[in-house]
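Asks: From the sequence below, what's the structure:
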Amino acid sequence: MLNVKIYVTGTLKEQYYKDAIAEYKKRLGAFCKFEIVEFKEYKLPDDPSQKQIEGALVAEGQKILSEISLKAYKIAMCVEGKQLSSEDFAVKLDEIATTHGEVALIIGSSFGLSEELKRACDFRMSVSKMTLTHQMMRVWLVEIVYRCLSISHGGKYHK
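Replies: Got it, this is the predicted structure:
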């Protein structure tokens, strides 16, 4: 059974996002082991410099990488990543299940992910050319993992 872990910087505040994730987490139990691992955002001043932002991203990235299993296939969620259809991502998750057994999906803070962390990943994926909040991104990613695993198991959820 595939082990899916979503690594995120920041916490959810809105109950409706928490409820959505709880529902999909329950559904995912039929297809995989699923976990969300949260990290605190690095504290920055109100108007941070680019150097301060880069330093925060490096610190956040190092903390995330230190927690990810060495065998996990790492996917950085970033705007410059490749966009996949649900069917293509389902195939990718099937391949990861066979080759690695574990996938780490990484969502950064509102400033994104460090270049160091992105280089350490096996794949970069983008959900859209449009910007989503990182809270909404978390909900979307949990939903799409469920959708793709449903596709892989012959479900009709993607229709």
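Asks: Which elements pack onto the helix or strand of the chain with the lowest mean pLDDT?
Replies: Sorted by mean pLDDT, DSSP states H and E, the helices and strands of the chain end with helix 134-152, the least confident at a mean of 93. Judged by 3 or more Cβ pairs under 8 Å, 6 or more residues apart in numbering; DSSP states H and E, the packing partners of helix 134-152 are strand 2-9, helix 15-28, strand 32-39, helix 86-99, strand 102-107. In this view, the C-beta of every residue, glycine as well, is placed from N, C-alpha and C.
Asks: Relative to residue 62, which of the ones you listed is closest?
Replies: Of all the helices and strands packed on helix 134-152, strand 32-39 sits nearest to residue 62, with 10.6 Å by Cβ to Cβ.
Asks: what angle sits between that closest one and helix 86-99?
Replies: For strand 32-39 against helix 86-99, the angle by axes from the mean of the first three to the mean of the last three Cα atoms, to 10 degrees is 100 degrees.
Asks: Which residues does the most centrally placed residue in the chain form beta bridges with?
Replies: Geometric centre of the chain, nearest residue: residue 105, 3.3 Å, by Cα atoms, centre = their mean. In this entry, residue 105 is beta-bridged to residue 6, residue 75, by DSSP bridges.
Asks: Cool, thanks, signing off.
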